[in-house]
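A.B. asks: When you get a sec, could you give me coordinates for this:
(one chain, ligands or ions: 1)
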Amino acid sequence: MRRSIIAGNWKMNKTIPDGVALGGALADDAARFIEKCDVVLCPPFTAIKAVADRVAESGIDVGAQDVHWETSGAFTGEISCEMLLDAGCRWVIIGHSERRAMFGETDDTVNRRMKAAVAAGLKPIVCVGETLAQREDGLANDVVRRQVRGAFAGLSAEDASKAVVAYEPVWAIGTGRASTGEDANAMARVIRDTIAELYSRDLSEAVRIQYGGSVKPGNMAEFARQPDIDGALVGGASLKAADFMGIIAAMIDSKE
Ligand code: 13P
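C.D. replies: Residues are numbered from 1 along each chain as shown. You can find the predicted model right below:
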């Protein structure tokens with residue numbers, strides 16, 4: 001049985017005090033959910049340390065939204081795995097579609113980040129997902145297969161087993177237009193089949209897969225009920241404690 005995992009991607013939101021307040025509200029309630037569900041908060045870089053300190057002891061984990069693959073040096077503006085670990089991160093989001101679309105992220109740079117993260121002991125949440133045009137052209141499965149193959153290229157089975165894959169159709173992100181549970185599960189199957197081709201059926205059944213894209217407390221159950229979906233990567237609805245708690249509760253209730 002795969003353990004559920006709900007992650008909040010705060011994107012470019014929350015000052016340090018606002019982030020600490022949100023993390024604190026969740027940490028103070030963590031006893032209600034942490035036995036049944038992994039919870040990861042991904043603040044902007046500036047708030048990571050303060051949020052990690054605030055949620056320490058609660059069982060809630062903290063992650064970053066990106067990481068550079070080099071260990072140190074003349075890479076102005078970049079952050080290394082060691083720095084993230086030092087700030088209290090255990091997780092890192094890699095290859096988010098916003099970084100692919102706006103900041104030149106490619107399957108190759110996703111793969112470099114994946115290798116650096118697992119080598120350093122950070123657990124990746126690697127994002128894949130097709131655009132609306134790709135879906136309308138019938139290319140969704142091919143695009144996601146290519147992204148999964150690119151992300152995992154050259155990773156050992158042991159390292160691959162540490163990753164979580166987030167299926168986030170680009171057209172569902174921030175639009176209020178979530179995928180259906182059925183379509184999301186079908187893509188989760190495509191992802192598992194691709195991982196089985198790369199490694200083994202056992203590993204593909206052990207890897208955790210999240211759905212992301214306009215997840216709210218009201219639609220989480222539809223995704224959580226799907227056999228191949230183990231959680232969610234949440235954007236907008238992770239910015240309010242009550243909404244994020246509602247999503248965690250829906251996840252737990254649906255898997256019980
Ligand atoms: P929304 O939940 O705001 O649609 O964002 C999803 C997302 O991009 C999470 O990484």
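A.B. asks: Show the low-confidence segments of the chain, by residue range.
C.D. replies: Within the chain, no range satisfies pLDDT under 70.
A.B. asks: tell me which parts of it are close to the ligand?
C.D. replies: Neighbours of the ligand within the chain, by CB under 6 Å from any ligand atom: 9, 96, 168, 173-174, 212-215, 233-237. In this view, the C-beta of every residue, glycine as well, is placed from N, C-alpha and C.
A.B. asks: Spell out, range by range, the helices that occur in this structure.
C.D. replies: Secondary structure of the chain by DSSP state H: the helices cover 16-28, 45-55, 81-87, 97-102, 107-120, 132-136, 140-152, 157-160, 181-198, 201-206, 220-224, 241-255.
A.B. asks: mind putting the ones you listed in TSV, mean neighbour count included?
C.D. replies: Formatted as TSV, the helices of the chain follow (neighbours: other CB atoms under 10 Å):
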stretch	mean neighbour count
helix 16-28	18
helix 45-55	20
helix 81-87	18
helix 97-102	17
helix 107-120	20
helix 132-136	14
helix 140-152	19
helix 157-160	15
helix 181-198	19
helix 201-206	14
helix 220-224	23
helix 241-255	19
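A.B. asks: nearest residue to residue 7 other than its sequence neighbours?
C.D. replies: residue 40 (4.0 Å; CB to CB, 6 or more residues apart in numbering).
A.B. asks: beta partners for the one you found?
C.D. replies: residue 7, residue 61 (DSSP bridges).
A.B. asks: so who does it touch?
C.D. replies: Listed by CB atoms under 8 Å, 6 or more residues apart in numbering, the contact set of residue 40 reads 5, 6, 7, 8, 60, 61, 62, 63, 90, 91, 125.
A.B. asks: Out of the residues of the chain next to the ligand, who's the most crowded?
C.D. replies: residue 215 (31 neighbours; other CB atoms under 10 Å).
A.B. asks: if we can go back for a sec, please indicate which of the contacts of residue 40 are buried?
C.D. replies: Neighbour counting with 16 or more other CB atoms under 10 Å marks 5, 6, 7, 8, 60, 61, 62, 63, 91, 125 as buried within these.
A.B. asks: now, the most widely separated pair of these?
C.D. replies: 60 and 125 (14.9 Å; CB to CB).
A.B. asks: Could you check which residue of this structure lies nearest the ligand?
C.D. replies: residue 235 (2.2 Å; CB to the nearest ligand atom).
A.B. asks: Correct me if wrong: that residue contacts residue 212.
C.D. replies: Yes: under the criterion of CB atoms under 8 Å, residue 235 makes contact with residue 212 at 7.2 Å.
A.B. asks: residues bridging contact with the two, i.e. touching both?
C.D. replies: 9, 173.
A.B. asks: Point to the residue nearest the middle of this protein.
C.D. replies: With distances taken as CA atoms, centre = their mean, residue 125 lies nearest the centre of the chain, 4.0 Å away.
A.B. asks: Quick check: it vs residue 217, distance?
C.D. replies: 21 Å (CB to CB, to the nearest Å).
A.B. asks: can you tell me how far the closest residue to residue 95 other than its chain neighbours sits from residue 238?
C.D. replies: Of all residues not flanking residue 95 in the chain, residue 110 sits nearest, at 3.8 Å (CB to CB, 6+ apart). Remark: distance between residue 110 and residue 238 (CB to CB) = 22 Å.
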